[in-house]
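Undergrad: what's the 3D shape of this:
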Amino acid sequence: MRLNLLKLPLLILAFAILYSCGGSDEITKKKDEALNNKGNVVAEMLEQARQFYLTALEKQNLNLRWVTQVRVAAGYHQSL
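TA: Numbers count the residues shown, from 1 in each chain. Next comes the predicted model:
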């Protein structure tokens, strides 16, 4: 019985310490800043991927136009 009475204040103290750290403005602010930084990095990576995709589409369209022009020129040359 005496051992249980000693454990109770220790448990209350442990919960109080853990609870107070979780609610600290400084700690939650640092967590929020870290999440925002990760979100910014992901957004920048997505934007970069989008730019690479658009560049690839543009190059593909230019290549298709060039191939079409070569085929038209070859067809014109063969008809002569």
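
Undergrad: Could you list which residues are in contact with L13?
TA: L13 makes contact with no residue under the criterion CB atoms under 8 Å, 6 or more residues apart in numbering. For glycine as for every other residue, the C-beta is placed from the backbone atoms N, C-alpha and C.

Undergrad: average model confidence for the host helix or strand of it?
TA: Using DSSP states H and E, the element containing L13 is helix 2-22. Regarding helix 2-22, the rounded mean pLDDT is 71.

Undergrad: Next: stretch 49-61.
TA: Stretch 49-61 comes out at a mean pLDDT of 91.

Undergrad: For this structure, which segments are assigned as helices?
TA: Secondary structure of the chain (DSSP state H): helices located at 2-22, 25-79.

Undergrad: Tell me the confidence at the residue nearest the centre of the chain?
TA: Closest residue to the average C-alpha location of the chain: V42 at 2.3 Å, with CA atoms, centre = their mean. In this model, V42 is scored at 84, pLDDT.

Undergrad: Look up how far T55 lies from it.
TA: Applying CB to CB, to the nearest Å, one obtains 20 Å for the distance of V42 from T55.

Undergrad: ok, now L6?
TA: Taking CB to CB as the measure, L6 and T55 are separated by 69 Å.

Undergrad: same check, this time on L8
TA: For L8, the distance to T55 (CB to CB) stands at 66 Å.

Undergrad: Over to E44?
TA: 16 Å.

Undergrad: try N61
TA: 11 Å.

Undergrad: same deal with E47?
TA: 13 Å.

Undergrad: now swap in T68 and tell me
TA: The gap separating T68 from T55 is 21 Å, by CB to CB.

Undergrad: Can I get stretch 32-51 in CSV, CA atoms only?
TA: The C-alpha atoms that make up stretch 32-51 are tabulated as CSV, following Å, rounded to 0.1, in the frame of the first residue of the first chain:
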residue,chain,number,x,y,z
ASP,A,32,4.8,24.5,-37.1
GLU,A,33,7.9,26.1,-38.7
ALA,A,34,9.4,22.7,-39.5
LEU,A,35,6.1,21.6,-41.2
ASN,A,36,5.9,24.8,-43.2
ASN,A,37,9.5,24.4,-44.4
LYS,A,38,8.7,20.8,-45.5
GLY,A,39,5.6,22.0,-47.3
ASN,A,40,7.6,24.8,-49.0
VAL,A,41,10.2,22.3,-50.2
VAL,A,42,7.6,19.9,-51.6
ALA,A,43,5.8,22.8,-53.4
GLU,A,44,9.1,23.9,-54.9
MET,A,45,9.9,20.3,-56.0
LEU,A,46,6.4,20.0,-57.6
GLU,A,47,6.8,23.3,-59.4
GLN,A,48,10.2,22.2,-60.7
ALA,A,49,8.8,18.9,-61.9
ARG,A,50,6.0,20.8,-63.7
GLN,A,51,8.5,23.0,-65.4
